[in-house]
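Trainee: quick one: sequence plus predicted model below, questions after.
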Amino acid sequence: MSDRGAGDGDDELYDEPIGTGAGYGDDPGDGVHRDTSTRDRSEVDDDGDIFGGDDDDDDDDADEFELAEAYDGQLVVGGPAGEGGDGRDGELDLPDEFVEAGDRVYAELLERHGEAEPQPRLAATRQAVELLGDPHRAYPIIHLTGTNGKTSTSRIVESILRAYGLRTGLFTSPHLERLNERFVIDGRPISNEALAANWADISPFLEIVDAQLTAAGEPRLTFFEALTVLAFAAFADAPVDVAVIEVGMGGEWDSTNVADGQVAVFTPISLDHTARLGNTVAEIARTKSGIIKPAAQVVSARQQPEALAELKRAAELTESTFITQDADFQVLSTSVAVGGQVVSIKGIAGTYTDLFLPLYGDHQAQNAAVAVAAVESFLGGGATAIVEDVLVEAFATVTSPGRLQLIGTEPTVLVDAAHNPGGAQALAAAVKEYFSFDKVVAVVSILDDKDAEGIIRALDPVVAEFVVTQSSSDRATNADELASLVVGVAGADRVIVELDPREAARVARDSAAESEQGAVLVTGSITLVGEMISLATEEEWKP
């Protein structure tokens, strides 16, 4: 089986995801879809057929039920207002009979070449979507890339569009606990039923492309290439009014780039994945600028000069409109508030003041400003302001799992998927400004291709103790090796080694609990973050 990839959060696309445990938990208010259809449908047979039926007629698998009905399952079945009629908090907590079918989709994807080693090509993905009738052309696209912040920015963009009443599709990486998280339709992760139905629908076409690639001596479609095709198909079948698509790695040859984004969005670009993208910020920006298509609207966060130059050059060559932070839009102010912050933003077409954003850190305010400019560009070409009430609702309901997410109390436990020095610096600044902890104990595991020393040095000023562990990723740095590096930065008296993440969590929580305002911070790897979220649910760290 190939390496299991997930994401680098906000970008760790090439970390390893958590396993395929069934279900999302039992809390009906967790915002995750549960299949509420009462119609009798087949479950997985003993022979592994997702939809049951005649073993000799695999082509009939997807016809066992209509895809439209699978998407109807995305709608909430609840009582009147206040008893589930709001479509969210009161959703009936019925069992999902298609969990095994969803698990099988993930298992089959894992049989493909892992995300850690993407193929720098577009032809293979393009062939697959052409065979499917170009589902990626069924809706307009906002395409996002960058080094840090692109997942959070994508989520804010999607929240604004959905608040406008548009049916949205959101494709992001990584997933923290389950594959479905990567495909969000109208604010909900795709149901297991719809996921399996779409996989059955596209699999024959993937096999055709696989055969062509193999005959030509090339690797068959990779995990992420197949995943991208699945996302485009799922959004077309939903159907969605607009899709927000996050790049996996880079831009120019990333499989998502078979699509033409009407708006190309760039979050801050810095050094990461240098073996694949280039050794300088300029080289990396040049690769990422490949998502800019002719006559597109281009929106960029604040960039280093060499990155900005590359993006401007690409915009000029494609005759695109170029909008950049500071020159065309900006964060006017941000202040700490209970549960997040209050921000004021000057957009391209309007000024929006005193908006509550339930995300921590100044970097999230910057992400929000980029998202506002992107939506202004998409909806009115930058000439029409966003309706204030819409933006108030969108900001108030936005979430960004795995980004300074509270998963435990007594003591406080926060998780953050910072995976490079830039992300760690933003995390450290947010912890210092937004919280009043008197002791922070960090649980860390870092992949072996990351700048571990840079990450630890960024965290060092706000961390009292480091508990070094090793996540389940095959690419996680050996705990003893990582501990030696951490000792070199923080000193031996501030470092504890616990190979088992569960034991590391116990040690960190006990240590933080010794202080009146102690806290645990889990960071460095999306795999570790996902494991801790699952553990927190299992052990009920948060009542």
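Mentor: Sure, I can see it.
Trainee: point out where the stretch 101-250 of the chain drops to low pLDDT.
Mentor: When residues are selected by pLDDT under 70, those of the stretch 101-250 of the chain lie in 115-117.
Trainee: kindly report the same for the stretch 251-400 of the chain.
Mentor: The low-confidence ranges in the stretch 251-400 of the chain, as defined by pLDDT under 70, are 272-276, 278.
Trainee: from what I can see M532 touches P501, true?
Mentor: Yes: the pair formed by M532 and P501 meets the contact definition of CB atoms under 8 Å, at 7.1 Å. For the C-beta atoms, the positions are set from N, CA and C on the backbone; glycine is no exception.
Trainee: out of those two, which sits in the more crowded spot?
Mentor: Neighbour totals were compared for M532 and P501, and M532 leads with 30 against 24 (other CB atoms under 10 Å).
Trainee: find the nearest non-adjacent residue to that one, please.
Mentor: In space, not counting the residues next to it along the chain, M532 is nearest to V522; the distance is 4.7 Å by CB to CB, 6 or more residues apart in numbering.
Trainee: joint contacts of M532 and P501?
Mentor: In terms of CB atoms under 8 Å, 6 or more residues apart in numbering, M532 and P501 are both contacted by the residues V443.
Trainee: which SS class is the residue nearest to M532?
Mentor: In three-state terms, and counting by DSSP: H, G, I helix; E, B strand; the rest coil, V522 is strand.
Trainee: give me the number of residues near it?
Mentor: V522 is flanked by 32 other residues according to other CB under 10 Å.
Trainee: show me what the host helix or strand of S159 is packed against.
Mentor: Assigned by DSSP states H and E, S159 belongs to helix 150-163. Using 3 or more CB pairs under 8 Å, 6 or more residues apart in numbering; DSSP states H and E as the contact definition, the elements that helix 150-163 packs against are strand 141-145, strand 168-171, strand 242-246, strand 263-266, helix 362-380, helix 388-397.
Trainee: JSON lines please, covering these and showing distance to V463.
Mentor: Supplementary listing: those in JSON lines, determined by distance: least, CB to CB, whole Å:
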{"stretch": "strand 141-145", "distance to V463": "30"}
{"stretch": "strand 168-171", "distance to V463": "33"}
{"stretch": "strand 242-246", "distance to V463": "29"}
{"stretch": "strand 263-266", "distance to V463": "31"}
{"stretch": "helix 362-380", "distance to V463": "18"}
{"stretch": "helix 388-397", "distance to V463": "30"}
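Trainee: among those, which is the most enclosed?
Mentor: Taking mean count of other CB atoms under 10 Å as the contact definition, the stretch among those with the greatest mean neighbour count is strand 263-266, which reaches a mean of 32.
Trainee: got the contact list for that strand?
Mentor: When contacts are defined by CB under 8 Å, 6+ apart, strand 263-266 is touched by residues 141-146, 150, 153, 157, 288-289, 291-293, 296-301, 303, 311, 320, 370, 374, 377-378.
Trainee: can you show me the CA trace of the helix holding S159 as CSV?
Mentor: As requested, C-alpha coordinates have been extracted for helix 150-163 and formatted as CSV (Å, rounded to 0.1, in the frame of the first residue of the first chain):
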residue,chain,number,x,y,z
LYS,A,150,-5.0,28.7,1.9
THR,A,151,-7.4,26.3,3.6
SER,A,152,-8.6,28.9,6.1
THR,A,153,-9.0,31.4,3.3
SER,A,154,-10.9,28.9,1.2
ARG,A,155,-13.3,28.2,4.1
ILE,A,156,-14.0,31.9,4.5
VAL,A,157,-14.6,32.4,0.8
GLU,A,158,-17.0,29.5,0.8
SER,A,159,-18.8,30.8,3.9
ILE,A,160,-19.4,34.2,2.2
LEU,A,161,-20.7,32.6,-1.0
ARG,A,162,-23.0,30.3,0.9
ALA,A,163,-24.4,33.2,3.0
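Trainee: which parts of that helix are buried?
Mentor: 150-163 (16 or more other CB atoms under 10 Å).
Trainee: so can I have JSON lines of the residues you listed showing distance to Q366?
Mentor: Written out in JSON lines, the entries for those read as follows (distance: CB to CB, whole Å):
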{"residue": "K150", "distance to Q366": "12"}
{"residue": "T151", "distance to Q366": "14"}
{"residue": "S152", "distance to Q366": "10"}
{"residue": "T153", "distance to Q366": "9"}
{"residue": "S154", "distance to Q366": "14"}
{"residue": "R155", "distance to Q366": "14"}
{"residue": "I156", "distance to Q366": "11"}
{"residue": "V157", "distance to Q366": "14"}
{"residue": "E158", "distance to Q366": "18"}
{"residue": "S159", "distance to Q366": "16"}
{"residue": "I160", "distance to Q366": "16"}
{"residue": "L161", "distance to Q366": "19"}
{"residue": "R162", "distance to Q366": "22"}
{"residue": "A163", "distance to Q366": "20"}
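Trainee: and the helices in the stretch 201-350 of the chain?
Mentor: Secondary structure of the stretch 201-350 of the chain (DSSP state H, counting those that start in this stretch): helices at 223-237, 274-277, 281-288, 305-317.
Trainee: with the stretch 51-200 of the chain instead?
Mentor: Under the criterion DSSP H, counting those that start in this stretch, the stretch 51-200 of the chain contains helices at 67-72, 99-110, 123-131, 150-163, 192-215.
Trainee: elements contacting the last one?
Mentor: Contact here means 3+ CB pairs under 8 Å, 6+ apart; on that basis helix 192-215 packs against helix 67-72, helix 99-110, helix 123-131, helix 223-237.
Trainee: C-alpha coordinates for stretch 195-211, CSV please?
Mentor: Output in CSV follows, covering the C-alpha atoms of stretch 195-211 (Å, rounded to 0.1, in the frame of the first residue of the first chain):
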residue,chain,number,x,y,z
LEU,A,195,-19.1,9.7,-2.0
ALA,A,196,-19.5,6.0,-2.8
ALA,A,197,-22.0,6.7,-5.6
ASN,A,198,-19.7,9.1,-7.3
TRP,A,199,-16.7,6.8,-6.9
ALA,A,200,-18.6,4.0,-8.5
ASP,A,201,-19.6,6.4,-11.4
ILE,A,202,-16.0,7.5,-12.2
SER,A,203,-14.1,4.3,-11.5
PRO,A,204,-14.5,2.8,-14.9
PHE,A,205,-13.1,5.9,-16.5
LEU,A,206,-10.2,6.1,-14.1
GLU,A,207,-9.4,2.5,-15.1
ILE,A,208,-9.4,3.5,-18.8
VAL,A,209,-6.8,6.2,-18.1
ASP,A,210,-4.8,3.9,-15.9
ALA,A,211,-4.6,1.4,-18.7
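Trainee: so which of the helices and strands packed on helix 192-215 is the most packed in?
Mentor: The densest packing among those, expressed as mean neighbour count by mean count of other CB under 10 Å, is seen in helix 223-237 with a mean of 26.
Trainee: rewinding a little: figure out which of the helices and strands packed on helix 150-163 is closest to E433.
Mentor: Of all the helices and strands packed on helix 150-163, helix 362-380 sits nearest to E433, with 7.2 Å by CB to CB.
Trainee: what angle separates that closest one from strand 242-246?
Mentor: For helix 362-380 against strand 242-246, the angle by axes from the mean of the first three to the mean of the last three CA atoms, to 10 degrees is 140 degrees.
Trainee: which residues in the stretch 401-543 of the chain form strands?
Mentor: With DSSP state E, counting those that start in this stretch applied, the stretch 401-543 of the chain shows strands at 405-408, 412-416, 439-444, 465-468, 495-497, 518-523, listed in chain order.
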